[in-house]
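Asker: Sequence first, then the predicted structure, then my questions.
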2 protein chains.
Amino acid sequence: MSAHNVVTVEVGLGERSYDILIGPGLIERAGEEIAKRLPKARVAIVTDEHLAAAGHLDRLRMALDKTSTASTTTVLAPGEKTKNFDALQQVVDDVIAARLERGDAVIALGGGVIGDLTGFAAGIVRRGMNFIQMPTSLLSQVDSSVGGKTGINSPRGKNLIGVFHQPKVVLADTGALDTLSPREFRAGYAEVAKYGLIDRPDFFAWLENNWQEVFSGGPARAEAIAQSCRAKADVVARDEFETGDRALLNLGHTFGHALEGATGYDSTRLVHGEGVAIGMALAYRFSARLNLASPDDASRVEAHLKAVGLPWRLSDIPGGLPDAETLLNFITQDKKVSRGALTFILTRGIGQSFIAKDVPASEVLAFLDLSLKR
Amino acid sequence: MSAHNVVTVEVGLGERSYDILIGPGLIERAGEEIAKRLPKARVAIVTDEHLAAAGHLDRLRMALDKTSTASTTTVLAPGEKTKNFDALQQVVDDVIAARLERGDAVIALGGGVIGDLTGFAAGIVRRGMNFIQMPTSLLSQVDSSVGGKTGINSPRGKNLIGVFHQPKVVLADTGALDTLSPREFRAGYAEVAKYGLIDRPDFFAWLENNWQEVFSGGPARAEAIAQSCRAKADVVARDEFETGDRALLNLGHTFGHALEGATGYDSTRLVHGEGVAIGMALAYRFSARLNLASPDDASRVEAHLKAVGLPWRLSDIPGGLPDAETLLNFITQDKKVSRGALTFILTRGIGQSFIAKDVPASEVLAFLDLSLKR
């Protein structure tokens, strides 16, 4: 397999800088790419039953055998519910039992759940082991592969427990995306569109014209992934520990997390990317209601999400939702709340998002009430 | 209570710099010292049953009431066994249930166990909450109050799971030391002596002359604590994340941890500071055996530890020890092992410690065998 089709995006974080490699065949090349960066390292692979069944785990093990890289494997149950303390403890115990040392590495082979959980485990074993991400879903390739956020869920909210821990390298094998269901791919696409909506209006316009090729797997797909990683890397480099600008990446997420909570993290009803899609549409519509953005821009966002087959309004979620008051309560427990005031990512138009602090809860409540009737 | 007798040691770590305040009456002044640094912060206090019974918890709550600082409290079982995943999860759950936000703070009121566990919890809730340390033992005042190491134990070894998380401020109330048992105080003193033995020969000589006053509670006590914090702060400022020089602080700890493991972390037989005391004596004697240091220096260390009532040889540990082979196995699982080679802190004399890599396991084995017969 040649390296010809591989695009490299550098995430510039000083001594924590690392490369994201994007392209086909990267699972097969994992042994050499890891050995190049961490000579003689042994590795602990963490993955889930779906990835193992899809053959990705065997492909990775064969690739590691080629470079005589010793490995152990932990296979977890798939799904968001795995992001809990028990699974964290299992991974930590397995890594310690394998007697890996600080110079060795922990590999996350999987989507966001595996990446977040494994990165957290890597961040706390021996106060920080080398971490290698091999994201296999579109969502994880464009989102969790950049930024170093790791963590698990609390019964009281998503991602409330975790650390910042940057990977040594990210190997995003675009071939792995072929085994995704259309719904999973679409959910990941919501985060791709998000980067356009935050601060890259040209990218959003490009997506409006090229989304079909992104979905069908032409060269536009790798380009969209690379562009997304670059967009996120730019924001993260400005604000590694989320004390300022990085909050822009939460566009759609405050509403989205509340919806995930309100549907009990039931993936048959709503997955993360779908929550973000609806959340972005709501953020644009809410901005229009507050006279910050034009209603036409909100409609343009809604139209694009609808075109690609993503949900965009509350009534797109199957099963009933609780009332506006209850939804607001999910929002105020959300961790982006600062000192009791509501912080939202709002917008002045396509690609003109900004951090709005002190958004009155009464406005949010009235808007949610209206949105529930739409 | 005036601030007159309070000594301040600054730990210089760039934007993570913080002050250690050392002196009497600091628990009573906690409200104002916290409000000065984190205005309007709410706090979650974590402590143990011993500290609560000794009245320190009530004193702290009253101090917080004076500044109208809202607080919640988690009281844990005392002892090393509390440094586990269950207690970590309990503290994390309690902090999240209290709806503390990133600007709020988690306070550790207690010794090393409470400090390590609470700092770890503070480091992972919302990927890092403000952390305030109020160390109440001599050991924690001179050791864990500097350096930002937090963590819990694994069944396979001590402190194998954790993060680096620096406190916002350390309030070391020397009055709290009056409630320590003589044995606890002595154990903490082992780490005080350690700083002299690492790289401050004058401090060690001063301790040889002034240890009685340090034990009886004269002005030399606060001076010894401040000097210890400064010594550790110097090393930590050079190497925050333990990639080099900081390993010097492990003088006595590689042997010490092995002994703690070999005695099943049974505090009736051996507490951490006692393990360090024996470990330091062994490190000096082992260095003499390797012709690195003079046997007279090893004898001087042994004599001082003996004078203050600390154990200094393996036979000072009540109950039998396993054989040298088994002890060595405890060492090779110790996390200071790098790539299979044994790393020890050895010495060329009093205050002349250095990091020795590639120490042959066979030499360690032979030395342990000899030491067991002493």
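Answerer: It's in. From a predicted model like this one, the values you see are computed outputs, not experimental measurements.
Asker: Around chain B, pick out the residues from chain A.
Answerer: Contact residues (Cβ under 8 Å from any Cβ of the partner chain) of chain A with chain B: A:40, A:85, A:89, A:92-93, A:96-97, A:99, A:101-103, A:120, A:123-128, A:149, A:151, A:154-157, A:160-164, A:241-242, A:333, A:335, A:337-339. Backbone N, C-alpha and C define where each C-beta goes, glycine included.
Asker: so how far is chain B from the closest residue to A:Thr118 other than its chain neighbours?
Answerer: Among residues not flanking A:Thr118 along the chain, A:Ala108 sits closest, at 3.6 Å (Cβ to Cβ, 6 or more residues apart in numbering or on different chains). Using Cβ to the nearest Cβ, to the nearest Å, we find A:Ala108 at a distance of 17 Å from chain B.
Asker: and the helix or strand containing A:Ala108, what other elements does it pack with?
Answerer: Secondary structure from DSSP states H and E places A:Ala108 in strand A:105-110. Here strand A:105-110 touches helix A:30-37, strand A:43-48, helix A:49-53, helix A:56-66, helix A:112-124, strand A:130-135, going by 3 or more Cβ pairs under 8 Å, 6 or more residues apart in numbering or on different chains; DSSP states H and E.
Asker: so which of those gets nearest B:Gly319?
Answerer: helix A:112-124 (32.9 Å; Cβ to Cβ).
Asker: which residues of chain A score low on pLDDT?
Answerer: Across chain A, the ranges flagged by pLDDT under 70 are A:1-4, A:334-340.
Asker: Specify the residue ranges that define each domain of it.
Answerer: Domain segmentation of chain A under automatic domain parsing yields A:7-179, A:182-372.
Asker: Of those, flag the one that's most buried.
Answerer: Highest mean neighbour count among the domains of chain A (mean count of other Cβ atoms under 10 Å in any protein chain shown): domain A:7-179, with a mean of 21.
Asker: dump the residue contacts of A:Gly256.
Answerer: A:Gly256 is in contact with A:His272, A:Gly275, A:Val276, A:Ala277, A:Ile278, A:Gly279, A:Met280, counting by Cβ atoms under 8 Å, 6 or more residues apart in numbering or on different chains.
Asker: repeat for A:Ile317
Answerer: Residues counted as contacts of A:Ile317 (Cβ under 8 Å, 6+ apart) are A:Leu259, A:Thr263, A:Arg269, A:Leu270, A:Glu274, A:Ile278, A:Pro311.
Asker: Format the domains of chain A as JSON lines; extra columns: distance to B:Leu26.
Answerer: Formatted as JSON lines, these follow (distance: least, Cβ to Cβ, whole Å):
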{"stretch": "domain A:7-179", "distance to B:Leu26": "28"}
{"stretch": "domain A:182-372", "distance to B:Leu26": "27"}
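Asker: Ok, which of these comes nearest B:Arg289?
Answerer: domain A:7-179 (26.8 Å).
Asker: So for the closest one, first residue to last residue, what's the gap.
Answerer: 21 Å (Cα to Cα, to the nearest Å).
Asker: Determine how far that domain lies from the middle of the whole chain.
Answerer: The chain centre lies 14 Å from the centre of domain A:7-179; the measure is Cα atoms, centre = their mean, to the nearest Å.
Asker: Quick check: closest non-adjacent residue to A:Thr82.
Answerer: Counting by Cβ to Cβ, 6+ apart, the residue nearest A:Thr82 is A:Leu76, at 5.1 Å.
Asker: ok, back up a step: got TSV for the helices and strands packed on strand A:105-110, with distance to A:Phe367 too?
Answerer: Formatted as TSV, those follow (distance: least, Cβ to Cβ, whole Å):
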stretch	distance to A:Phe367
helix A:30-37	47
strand A:43-48	37
helix A:49-53	37
helix A:56-66	42
helix A:112-124	28
strand A:130-135	34
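Asker: Tell me which of those sits nearest to A:Ser299.
Answerer: Nearest of the helices and strands packed on strand A:105-110 to A:Ser299, taken as Cβ to Cβ: helix A:112-124 at 29.8 Å.
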